[in-house]
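Undergrad: return atomic coordinates for the entry below.
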Amino acid sequence: IREVQMAQSEQNDKSIAEIQRMLPDDETIYELANLFKVFGDPTRAKILGCLQIRSMYVCEIAETLEMTVSAVSHQLRVLRSAKLVKGVKEGKEVQYSLDDDHVTKIIEYGLTHVNE
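TA: Numbers count the residues shown, from 1 in each chain. Modelled structure (predicted):
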């Protein structure tokens, strides 16, 4: 029995070492956690939902969500710094959209998960 336990322990140690090697480094994990923090705010999630439907101007988002332009602008700055949305200047206004398909997929997977 003791030999079997020792063999299992060695195998377990190897598996743990392999798992440790496969994990992303601490900086990557930190960035991932921060990304999910950005998604963790309901207002930002609503803004992302709007932009998943179509590109919008700040005033359109504010009207849709019944918020002030200032509040929406603040949240868009957070979303831009996290590289979740991008803005294209058109005259005096900026039209916002999701940064790329990855953002759409994260939203879709999240919605699928919560609706299960």
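
Undergrad: residue contacts, the closest residue to residue 49 other than its chain neighbours?
TA: Excluding the flanking residues, the one nearest residue 49 by Cβ to Cβ, 6 or more residues apart in numbering is residue 107, at 7.2 Å. No exception for glycine: its C-beta is placed from N, CA and C like everyone else's. By Cβ atoms under 8 Å, 6 or more residues apart in numbering, the contact set of residue 107 is 48, 49, 52.

Undergrad: what does residue 38 give?
TA: Neighbouring residues of residue 38 by Cβ under 8 Å, 6+ apart: 44, 78, 79, 82, 84.

Undergrad: how far away is it from residue 65?
TA: 17 Å (Cβ to Cβ, to the nearest Å).

Undergrad: what's the closest of the contacts of residue 38 to residue 26?
TA: Distance to residue 26 across the contacts of residue 38 (Cβ to Cβ) is lowest for residue 82, with 19.0 Å.

Undergrad: need the per-residue pLDDT for the residue nearest to residue 49.
TA: pLDDT, the model's per-residue confidence, is 94 for residue 107.

Undergrad: residue 102 too?
TA: We have a pLDDT of 94 for residue 102.

Undergrad: now name the helix or strand holding it.
TA: Using DSSP states H and E, residue 102 maps to helix 101-114.

Undergrad: quick one: residue 31 and residue 56, what's the gap?
TA: Residue 31 is 27 Å from residue 56, by Cβ to Cβ.

Undergrad: could you do residue 110 as well?
TA: Applying Cβ to Cβ, the value for residue 110 to residue 56 is 20 Å.

Undergrad: with residue 24 instead?
TA: In terms of Cβ to Cβ, residue 24 sits 34 Å off from residue 56.

Undergrad: quick check: residue 110 touching residue 39?
TA: Yes: counting by Cβ atoms under 8 Å, residue 110 does reach residue 39; the two are 7.2 Å apart.

Undergrad: cheers, nothing more for now.
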